[in-house]
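**Student:** pasting the sequence and the predicted coordinates here, then a few questions.
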Amino acid sequence: MIQLRGIERVFVVGGEEVHALRSVDLEIRQGEYLSIMGPSGSGKSTLLNVVGLLDRPSAGSYALDERDVTGLNDDELARVRREKIGFVFQFFHLVPRLTAAQNIALPMVLAGVPPGERAARLEQLLGEYGLEDRAHHRPDQLSGGQCQRVAIARAMSMRPGVILADEPTGNLDRHTGREVLAVLERLHDSGGTLVLVTHDGELGARAHRRLRMVDGKIVGDERARGAHAAAS
Amino acid sequence: MRIADLFTFSWQVVSGSRGRTALILLAMGIGVAAVVLVSTLGEGARRYVLDQFGSLGTNLVIVLPGRSETAGANPGFIVGKTPRDLTLDDALALGRSHAVKLIAPLIIGTGDVRWGAKLRESPILGSTAELLPVRHMALAQGVFLPPGDPHHAQPVCVIGAKVREELFGAQAALGEWLRIGDRRFRVIGVMASQGVTFGTNTDEVVMVPLVAAQALFNTESLFRILIEAKSREQVAAAKEDAIEILRQRHEGERDVTVITQDAVLATFDRILRALTLAVGGIAAISLAVAGILIMNVMLIAVTQRRREIGLLKALGATGAQIRLTFFTEAVLLALGGAGLGLAAGKLGQLFILQLYPQIPFTAPWWALVAAPLTAVVTAALFTVAPAAHAARLDPVAALSRR
């Protein structure tokens, strides 16, 4: 469902060109569980942003669900992103003035989902992620794990095919991180595609397919039965 | 994004940062209140002046002897002419016009008014019974000058409130005999106090029958003829008729000036309206200042909410949606400020009305529409730049900055 061909991403920093991605070819199939690992500055996050249509490649082509999205304008990209991609960030990125329920509903609000349907989906999501009693709390009244669960519920609210998680456990303690990862893996079990960027080798090893990146290149692409796969 | 959601979203922003919202509301409110108050003052002044003219009498046509306009054509003719006097018979002749309802000829002079040992110099008005309805005056006691043939005078007079007070004090004035010049007049009426209306203080005058005044001042010549037309639409016809009748009576020479109250009124109306608009416009500058404040606050908001904007984009918000949220926020603030300003303006108006109850202060409708409209439009205009800036933000950069 995701096909990257010869993707380059070049930033100009202080007059010098920095190659964040160098001729990246990548194919991700529906329902894969993929981790991207590598040292800081290796281009993991840039790759995730390109896959998530937040960033545009400098060269190369990208087809999402057999549709070439390389040439789309910003607003078209926004619509594709809204329908097909869910983001989970390291720093949660919840809107502080909104309650948990309002944060979760945000993508549906932007997409103009009718209020009745929205309320039904919201209730279902709050139930799935164990947030019923936290629905009317603001982010500053939630624990880190709860914040990330809200963020995941938000990413899932438009039922996207792909979940992109950038260091989702990076800001959580080990125990909570495990819980959050379990939630993400549950998504994968129900048929979604999960792409996980992480530093943590132990977490990365749980994925079925493990990419290693160095200096903007994919240097390793391992398919194995990961720990999670073994457990399930 | 649905409209209701857009408003909810912006409402959450506005109610989320109370201090900021309060400041913008204050600035916008002051601007709107200033426009409303200033135009209220101007409109009050305009109405006051118009009312004053109205108190002279409605549908009034005034005939003056002499011609004040330059006719052109034959300069020698203008220099050589001696304007004929207006006489009582001229005035009565105007009654031939179908447009004329009432005619009040008028002579004004000054004379010594005595009662017993007290003496007062006072303006003397010579007229007929019709003066009372034409000038919309009111009596406090007694009756006005008697109706009847204006060529015959009875030795009676009607005195102003102040004259009565100064000559008679607490004593009864009705039935007493006054001496004006070398003639005696019996007081048959006292005017109600009505203050100054354009130069003539009716409280200080003594009114006598026209013929008596002609004898007192030894002149046949009228100072004015006041005509009341039958209706507002007949004012122009009354004016035409007056000019034509007097031209025929004066051997075909047009030597009178006829003023309609409408013309004078319209001039004052124009001047005062222009003045109100001008000061209202000056007050509107404060609205522009409030608009710039909104722009500033919005620019700061874009910087403060960078991450949020980045997030909204990551969640699938289009540039148009981002812009719309900022516009809605600005318009909500402007509407709130305008509401506050209108309320404050109303309060201020009530306050001024307490101080000067005789002046009819009301906000003109155009100010009530224009002030909030200007507030909203400036707010929206000044949000164009910040909103465009927000919509252009690169989501990756916006999200990565902590």
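**Tutor:** Great, that's in hand.

**Student:** CA only for contacts and neighbour counts going forward, please
**Tutor:** Will do.

**Student:** could you give the number of residues near the residue nearest to residue B:265 when sequence neighbours are not counted?
**Tutor:** Leaving out its chain neighbours, the residue that sits closest to residue B:265 by CA to CA, 6 or more residues apart in numbering or on different chains is residue B:50, at 6.6 Å. The local packing of residue B:50 (other CA atoms under 10 Å in any protein chain shown) involves 17 other residues.

**Student:** where along the chain do the strands fall?
**Tutor:** Defaulting to chain A. Secondary structure of chain A by DSSP state E: the strands cover A:2-13, A:16-28, A:33-37, A:59-64, A:67-68, A:85-88, A:162-166, A:193-197, A:209-214, A:217-223.

**Student:** that's the wrong chain, I meant chain B
**Tutor:** Using DSSP E, the strands of chain B run over B:60-65, B:100-115, B:118-127, B:139-142, B:156-159, B:177-180, B:183-191, B:196-197, B:200-201, B:206-209, B:224-229, B:256-260.

**Student:** of all those, which one is nearest residue A:202?
**Tutor:** strand B:196-197 (98.0 Å; CA to CA).

**Student:** for stretch B:370-386, give the mean pLDDT please.
**Tutor:** For stretch B:370-386, the mean pLDDT works out to 89.

**Student:** stretch A:137-151 too?
**Tutor:** The model assigns stretch A:137-151 a mean pLDDT of 91.

**Student:** what does it rub up against?
**Tutor:** Residues from elsewhere that reach stretch A:137-151, judged by CA atoms under 8 Å, 6 or more residues apart in numbering or on different chains: A:88-89, A:92-100, A:103-104, A:129, A:131, A:134, A:168, A:171-172, A:176-177, A:179-180, A:183.

**Student:** okay, angle between the longest helix anywhere in chain A and strand A:193-197 too, please.
**Tutor:** If each helix of chain A is counted by residues according to DSSP state H, the longest one is helix A:174-189. Angle between the axes of helix A:174-189 and strand A:193-197 is 150 degrees (criterion: axes from the mean of the first three to the mean of the last three CA atoms, to 10 degrees).

**Student:** kindly report the residues of chain A close to chain B.
**Tutor:** Within chain A, the residues that sit near chain B (CA under 8 Å from any CA of the partner chain) are A:49, A:54-55, A:74-75, A:77-83, A:86-87, A:93-95, A:97-98, A:106-107, A:109-113, A:155.

**Student:** center of chain A, which residue is that?
**Tutor:** Closest to where the C-alpha atoms of chain A average out (CA atoms, centre = their mean) is residue A:164, at 1.4 Å.

**Student:** can I assume that one is in contact with residue A:198?
**Tutor:** No. Contact criterion CA atoms under 8 Å: residue A:164 and residue A:198 do not qualify, at 11.3 Å.

**Student:** list the contacts for residue 44?
**Tutor:** Picking chain A for this. Going by CA under 8 Å, 6+ apart, residue A:44 touches A:36-38, A:197, A:213, A:216.

**Student:** right idea, wrong chain: chain B
**Tutor:** By CA under 8 Å, 6+ apart, the residues touching residue B:44 are B:359-363.

**Student:** one more: residue A:170?
**Tutor:** A:90, A:177, A:198.

**Student:** closest to residue B:139 out of those?
**Tutor:** Nearest to residue B:139 out of the contacts of residue A:170 is residue A:90 (CA to CA; 90.2 Å).

**Student:** the closest one - how many residues pack around it?
**Tutor:** Neighbours around residue A:90, by other CA under 10 Å: 17.

**Student:** around chain A, pick out the residues from chain B.
**Tutor:** Applying CA under 8 Å from any CA, one finds that chain B approaches chain A through B:1-2, B:5, B:12-13, B:16, B:307-308, B:311, B:313-319, B:321, B:395-396.

**Student:** now these: which count as buried?
**Tutor:** Among those, those classed as buried by 16 or more other CA atoms under 10 Å in any protein chain shown are B:1, B:5, B:13, B:307-308, B:311, B:313-319, B:321, B:395-396.

**Student:** now for the residues you listed, which pair is the farthest apart?
**Tutor:** Counting by CA to CA, the most remote pair of those is B:5 and B:396, 25.5 Å apart.

**Student:** what's near enough to touch the spatially most central residue of chain B?
**Tutor:** The residue lying closest to the centre of chain B (CA atoms, centre = their mean) is residue B:46, at 1.9 Å. By CA under 8 Å, 6+ apart, residue B:46 lies in contact with B:268-269, B:272-273.

**Student:** who wins for most neighbours among those residues?
**Tutor:** Counting neighbours by other CA under 10 Å, residue B:272 leads the contacts of residue B:46 with 20 neighbours.

**Student:** you'd agree residue B:315 is up against residue A:86?
**Tutor:** Yes. Applying CA under 8 Å as the test, residue B:315 and residue A:86 come out as touching, 7.4 Å apart.

**Student:** any common contacting residues for these two?
**Tutor:** residue A:155.

**Student:** relative to residue B:243, how far out is residue A:7?
**Tutor:** Distance of residue A:7 to residue B:243, given as CA to CA, to the nearest Å: 96 Å.

**Student:** quick revisit: which of the contacts of residue A:44 sits closest to residue B:339?
**Tutor:** residue A:197 (51.1 Å).

**Student:** that closest one contacts residue A:33, correct?
**Tutor:** No. When contacts are counted by CA under 8 Å, residue A:197 is not listed as touching residue A:33 (11.2 Å).

**Student:** residue of the stretch 251-400 of chain B with the smallest distance to chain A?
**Tutor:** Nearest to chain A in the stretch 251-400 of chain B, going by CA to the nearest CA, is residue B:316, at a distance of 4.1 Å.

**Student:** around the nearest residue to residue B:237 once chain neighbours are set aside, how many other residues sit close by?
**Tutor:** Nearest residue to residue B:237, sequence neighbours excluded (CA to CA, 6+ apart): residue B:99, at 6.1 Å. Using other CA under 10 Å, residue B:99 has 24 other residues around it.

**Student:** now residue A:40
**Tutor:** 12.

**Student:** straight-line length of stretch A:98-118, end to end?
**Tutor:** Chord length of stretch A:98-118, first to last residue, is 16 Å (CA to CA).

**Student:** please enumerate the helices of chain B.
**Tutor:** Using DSSP H, the helices of chain B run over B:3-16, B:18-55, B:75-80, B:88-93, B:131-135, B:161-168, B:210-217, B:235-249, B:261-304, B:306-314, B:319-355, B:365-392, B:395-400.

**Student:** out of those helices, deepest packed?
**Tutor:** Each of the helices of chain B was assessed for mean neighbour count using mean count of other CA atoms under 10 Å in any protein chain shown. The highest is helix B:306-314, with a mean of 24.

**Student:** need the residues that contact that one.
**Tutor:** Here helix B:306-314 has contacts from A:54, A:78, A:81-82, A:87, A:93-95, B:302, B:319, B:322, B:390, B:393-402, using CA under 8 Å, 6+ apart.

**Student:** redo that, cut-off 6 Å
**Tutor:** The list of residues contacting helix B:306-314 from outside it, by CA atoms under 6 Å, 6 or more residues apart in numbering or on different chains, reads B:395, B:398-399.

**Student:** can you dump the C-alpha atoms of that helix in PDB for me?
**Tutor:** Provided in PDB are the C-alpha atoms of helix B:306-314 (Å, rounded to 0.1, in the frame of the first residue of the first chain):
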ATOM      1  CA  ARG B 306       2.800  26.900  16.400                       C
ATOM      2  CA  ARG B 307       2.700  23.400  17.700                       C
ATOM      3  CA  GLU B 308      -1.100  23.400  17.700                       C
ATOM      4  CA  ILE B 309      -1.200  24.600  14.200                       C
ATOM      5  CA  GLY B 310       1.400  21.900  13.200                       C
ATOM      6  CA  LEU B 311      -0.700  19.300  14.900                       C
ATOM      7  CA  LEU B 312      -3.900  20.500  13.200                       C
ATOM      8  CA  LYS B 313      -2.100  20.200   9.900                       C
ATOM      9  CA  ALA B 314      -0.900  16.700  10.800                       C
END
